[in-house]
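Engineer: missing the sequence, but the structure's below:
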C-alpha cells in the first residue's frame, strides 16, 4: 500500500530527482526523460479513458484502464537504476507485447481497407488517440536513447522498447476502430497538400481549387 502525505518535499530544488531505491539524478537526464515521456503518455490515456466513459465506449474504457496500469509499472521500471532491480520487481514481459498484438488483431479485424494514410481527427476520441500514438513514439525514442547510453545493459530495456513500439500500433488501431464503431468519417491524406475532406470507408476526394489569383 502506497501512502503519499506530502505534495512538495523541496528535495528537487537543486535540479535533481530521486530514482527507485533512493539514488538522485539530474532531472534532464536520459533516464528521467524516458520515464517522463511514459508519464505524459499515461496522461493522454487518461484523457482518452475519460472521453470513453463520456461516450460509453466500453471496449476503449477496458483497454485504457489496463494500459494506464501497465504504463505506471513501466515508468517504475524505467525509474529503477540499471543493476538495482529486485526479485519481485514488475518488469515488462514478452507476454505483455503479445497481448497488445492480440488487441490489435481484434480491433482491426473488420475495419475497412485503407487506400491512403490517415490524418488525425474526425472526432475528439480519434484526435486524442493519435496524439497518444505520437507521444508513444516519442517515448519509444527516449527509451531507445537510454538503452544506447547504457550500452552493455541494453538488454534490460529490450522488452520496454518492444512494448512501446507495439503500443503505438495499438493506439492507431484503436483510433480507426472507434471511428468505425461510431460511423465517424476518417480524415485521409491528400498528396500534394490538397485540402482533406471527411470520408467514409477508405475513399477520399480532393477539393478543387479555383484557377484564379486572389488579390489581397
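Structural biologist: Looks like it came in fine. Bear in mind the structure is a predicted one, so any value in this text is a computation, not a measurement.

Engineer: Count residues in the vicinity of residue 119, would you?
Structural biologist: By other Cβ atoms under 10 Å, 16 other residues sit near residue 119. Backbone N, C-alpha and C define where each C-beta goes, glycine included.

Engineer: so it touches residue 188, yeah?
Structural biologist: Yes - counting by Cβ atoms under 8 Å, residue 119 touches residue 188, with 6.4 Å between them.

Engineer: Which parts of the chain are strands?
Structural biologist: 16-18, 24-26, 118-119, 186-188, 198-199 (DSSP state E).

Engineer: residue contacts, residue 146?
Structural biologist: 30-31, 33-34, 78, 157 (Cβ atoms under 8 Å, 6 or more residues apart in numbering).

Engineer: what's the farthest-apart pair in those residues?
Structural biologist: 33 and 157 (13.4 Å; Cβ to Cβ).

Engineer: wait, what's in contact with residue 182?
Structural biologist: So residue 182 contacts 55, 123, 125 (Cβ under 8 Å, 6+ apart).

Engineer: give me the low-pLDDT residue ranges for this structure?
Structural biologist: Across the chain, the ranges flagged by pLDDT under 70 are 1-3, 152-154, 194-216.

Engineer: So which residue is smack in the middle of it?
Structural biologist: When Cα atoms, centre = their mean is applied to the chain, the residue found nearest the centroid is residue 136 (3.3 Å).

Engineer: Distance of residue 139 relative to residue 10?
Structural biologist: 29 Å (Cβ to Cβ, to the nearest Å).

Engineer: repeat for residue 172
Structural biologist: On the measure of Cβ to Cβ, residue 172 and residue 10 end up 42 Å apart.

Engineer: Between these two, which has more neighbouring residues?
Structural biologist: residue 172 (19 against 7).

Engineer: Pull the contacting residues for the closest residue to that one other than its chain neighbours.
Structural biologist: Distance criterion Cβ to Cβ, 6 or more residues apart in numbering; nearest residue to residue 172, sequence neighbours excluded, is residue 133 at 5.4 Å. By Cβ under 8 Å, 6+ apart, the residues touching residue 133 are 168, 171-172, 175.

Engineer: out of the residues you listed, which are inside helices?
Structural biologist: Those of these mapping onto helices are 168, 171-172, 175, per DSSP state H.

Engineer: Give me the buried subset of these.
Structural biologist: 168, 171-172, 175 (16 or more other Cβ atoms under 10 Å).

Engineer: Distance to residue 109 for the residues you listed - can I get that in CSV?
Structural biologist: Below are these laid out as CSV (distance: Cβ to Cβ, whole Å):
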residue, distance to residue 109
168, 19
171, 17
172, 15
175, 15
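
Engineer: So which of the residues you listed is the closest to residue 104?
Structural biologist: Within those, proximity to residue 104 (Cβ to Cβ) peaks at residue 172, which comes in at 8.6 Å.

Engineer: residue contacts, the closest one?
Structural biologist: Going by Cβ under 8 Å, 6+ apart, the list of residues near residue 172 reads 118, 129-130, 133.

Engineer: circling back: so which of the contacts of residue 146 comes closest to residue 24?
Structural biologist: residue 31 (11.5 Å).

Engineer: what's the distance between that closest one and residue 13?
Structural biologist: Going from residue 31 to residue 13 by Cβ to Cβ gives 20 Å.

Engineer: Cool, thanks, signing off.
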